[in-house]
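Asker: need coordinates for the following:
(one chain, ligands or ions: 1)
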Amino acid sequence: MTTDRPMWIANEHVTARSGAWIDSEDPATEEVIGRVPAGGSADVDRAVRAARDAWDEWRYTAANDRAELLHEAVAKSYEHLDELIDLLTREQGKARPEQEEEAEWALTSLRYYAELGRNGLGRVIPSGEPRTQLNLVLKEPYGVVGAIVPWNYPLLLLSWKLAPALAAGNTVVIKPSELTSMVTLAWIERCFDHFPPGVINVVTGTGADAGEALVTHPDVRVIAMTGSVATGQRIASVAAPMMKHLHLELGGKDAFVVAPDADLEAAADAVTYSALLNAGQVCTSSERIFVPSGIRDAFAEAVATKVSALRLGHGLDEGTDMGPLAADAFRDKVERHVAEAVADGARVLTGGAVPDRRGYFYEPTVLVDVDDHMTIMTDETFGPTIPIATYDGLDEVIARVNASEMGLGATLRSSDPLVIKRFYEGVKAGTVWINDPLTDNYAGPFGGMKMTGGGRELGPEGLETFLETKHVHWDFSQDPKEWWFPYS
Ligand code: NAD
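Answerer: Numbers count the residues shown, from 1 in each chain. Coordinates of the predicted model:
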C-alpha cells in the first residue's frame, strides 16, 4: 500500500503548487511505498514566509518554554517510536537495530539542546567606565534557518540542526532528502505539532528545485546542510553573493590505522563494524584501512571471516545484519570502485558482487593489495567495502592518512601512549577515535576539516552555529564627551 504524504507548512498539510509528486521507494524491495510533493520555489517561499512571521513571537518565547516544547516532542516521539522506526527502515534500508539507535540518538539531541538552550546567551564584559557604562556581548538568533538533510541518518542529522536552531530562538524550514522525506514528514507532523505554526516547516522536493530555492531565499540567513562535497560546493557558490552564514558538513574518507601493538582479533571486529555500519553509508565509515605489513595476511583473513558471516536482508527482518544501499546509483558506484580496484591489481577476499536478489544490495567486500591511488582509496565509496593497505612506519602512515582531501574522522587501534599522542596530534581530522570508532558524544563537537567543511554540530559549538554575535555599548549618560569635535 502506498501513501501520499503532503508537506508541512505552518502546521498544515500542503501539496506542491506544481501538483507534481516524487515516489519514495523501499530500497530492499524496489517497491514504491509512497509519494511526497515535488516542491519548488513557490512552496519554499510560502514556508519561509510562515517561518519569518512565526519568528517575531518565537524569538521572545522564554528559553524555558522552548525547552519544554522540545521535551514534549521527545515524549511524543516515544509514543510513535515503533511506527517511525518501521517507516525509517522501509524508506532508508539499514537494519532495524541500527534504526532504533538512530532514533534514540536523535531524541538525545533534542534533550541535550533543550537543556543547553536554558543557559546564558552571551556575556557581560568589562566597560571602559565601569560606573556609568555597560557592555554586553549578545548571542541572538538569526531568524529563519534552512536545514538541508541527507538520507543516511535522516532523523539524527535533522535533530543536530533542528534542536539547537530552535533552542537558540530560530525558526526552521527543513528540506529532507528526496529518499527519506516520508519519515521526516511523519516525525515532524506527529511529534512537533504542538509548536506554534510556522516555527517548524518541511518542504519536500529535489535539491535542484526546493533545496536551491531555500538556499537563495533572501529571508533565510543560515543554511545548515549535511551532504556531499559537490552539493556543498554548489550551495556555497550560490550563497556567497548573498553573504549567507553557511554550516556545511560534507563527505569523508576516514582512515582506520591498526598499530603494531593492537590486538588483531579485536581490531578486525572494530574494522568490520566501522566500515559496514549502515552498509558503509556513514560519513565517518572507515574507508581506508592501514595495517603493518607483517600482520596484513592474518588481519585480512580475520576480517574476511567475520564479514562473510554477516547476513544481508530487509532491514525489518529478524537477524539482518546489513541492508541494501539506499538507491541503485549508490550501488553502481560501489560496483565501479571495486571493479576499478580489481582491474588495477587488488584482490577480493570475500564479496565483490551484486547478489542475485531484488533490492539495491551489494555484498560486503574485503580487498587486499590496494594502493593509495586507486579510486577506492581516494574517492568516497559510501558502501560496504573494506580495502586493506599496508604500512611500515608511524610517520609514513600519518602522512598517508592526511593525503586525503577530506578530514572528517580517523581511528587508531593501540594502547601505546606515544603512538596515540603522535597520531591524534598529526592527523588532520575533526574527530579522532582511539580504539572505539564512530562513538559520538553529545557534548563533543562533530565536524570536519579540509574539504569536509568546517561546520561543527553537537556540543556548545552546535548551538553557537545558530547564534550571531552583537556587541552593545551602553553609556547611561547623555553628556557630550570631551574627545568629540571640535578638537580646539
Ligand atoms: P547530497 O549532497 O546528494 O544531498 C544532501 C541534501 O542536499 C539533500 O537533501 C539534497 O536534496 C540536497 N541538495 C542537493 N543539491 C542541492 C542544491 N543544489 N541546493 C540545495 N540542496 C541540495 O548527499 P546525500 O547523498 O544525501 O548524502 C550523502 C553524503 O552526505 C555523503 O557524501 C556523506 O559523506 C555526507 N554526509 C556527511 C556527514 C557529516 O557530518 N559530515 C554526515 C552524513 C552524511
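Asker: touching stretch 4-18 from outside, list them.
Answerer: Contact with stretch 4-18 is made by 21, 34-40, 42-43, 46-47, 50, 54, 181-182, 185-186, 188-189, 193, 195, 197-198, 200-205, as judged by CB atoms under 8 Å, 6 or more residues apart in numbering. Using the backbone N, CA and C atoms, a C-beta is placed for each residue, glycine as well.
Asker: inside strands: which ones of those?
Answerer: Counting by DSSP state E, the contacts of stretch 4-18 place 21, 34, 35, 36, 37, 200, 201, 202 in strands.
Asker: who wins for most neighbours among these?
Answerer: Ranked by neighbour count under the definition other CB atoms under 10 Å, the ones in strands among the contacts of stretch 4-18 are headed by residue 201 with 30 neighbours.
Asker: what sits against it?
Answerer: Remark: with contacts taken as CB under 8 Å, 6+ apart, residue 201 is in contact with 7, 8, 9, 10, 47, 50, 51, 171, 172, 173, 174.
Asker: show me the strands in the stretch 1-150 of the chain, by range?
Answerer: In chain order, the stretch 1-150 of the chain shows strands spanning 3-4, 7-9, 12-14, 21-26, 31-37, 122-125, 133-141, 144-148, with DSSP state E, counting those that start in this stretch as the criterion.
Asker: on that earlier part again, give me the buried subset of the contacts of stretch 4-18.
Answerer: Among the contacts of stretch 4-18, those that count as buried by neighbour count (16 or more other CB atoms under 10 Å) are 21, 34-40, 43, 46-47, 50, 54, 181-182, 185-186, 188-189, 195, 198, 200-205.
Asker: which residue sits closest to residue 336, ignoring its sequence neighbours?
Answerer: Counting by CB to CB, 6 or more residues apart in numbering, residue 336 lies nearest to residue 375, which is 7.7 Å off, once chain neighbours are set aside.
Asker: just checking, that neighbour touches residue 342?
Answerer: No: taking CB atoms under 8 Å as the definition, residue 375 is not a contact partner of residue 342, at 11.6 Å.
Asker: how about the residue nearest to residue 20 when sequence neighbours are not counted, phi and psi?
Answerer: With CB to CB, 6+ apart as the measure, residue 38 is the residue that lies nearest to residue 20, at 3.9 Å, once sequence neighbours are left out. The main-chain torsion angles of residue 38 are listed as degrees, to the nearest 10 and equal phi -90, psi 80.
Asker: which residues of this protein lie near the ligand?
Answerer: Residues of the chain lying near the ligand by CB under 6 Å from any ligand atom: 148-152, 157, 175, 177-178, 207-208, 211-212, 215, 225-228, 231, 234-235, 249-252, 283, 380, 382, 408, 448, 452.
Asker: any chance of a PyMOL selection covering the buried ones in those residues?
Answerer: Buried members of those can be picked out in PyMOL with the line below, counting by 16+ other CB under 10 Å:
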select buried, resi 148+149+150+151+152+157+175+177+178+207+211+212+215+225+226+227+228+231+234+235+249+250+251+252+283+380+382+408+448+452
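Asker: distance check, residue 411 against residue 395.
Answerer: Taking CB to CB, to the nearest Å as the measure, residue 411 and residue 395 are separated by 18 Å.
Asker: give the rounded mean pLDDT of the helix or strand that contains residue 276.
Answerer: In the assignment (DSSP states H and E), residue 276 maps to helix 264-276. Along helix 264-276, the predicted local confidence has a mean pLDDT of 98.
Asker: residues of it that come out buried?
Answerer: With burial defined by 16+ other CB under 10 Å, the residues of helix 264-276 counted as buried are 264, 267, 268, 270, 271, 272, 274, 275, 276.
Asker: hang on, isn't the last one packed against residue 384?
Answerer: Yes: judged on CB under 8 Å, residue 276 makes contact with residue 384 at a distance of 5.3 Å.
Asker: overlap in contacts, these two.
Answerer: Counting by CB under 8 Å, 6+ apart, the common neighbours of residue 276 and residue 384 are 322, 364.
Asker: re earlier: more neighbours: residue 411 and residue 395, which one.
Answerer: Comparing residue 411 with residue 395 by neighbour count (other CB under 10 Å), the higher total belongs to residue 411, at 28 against 10.
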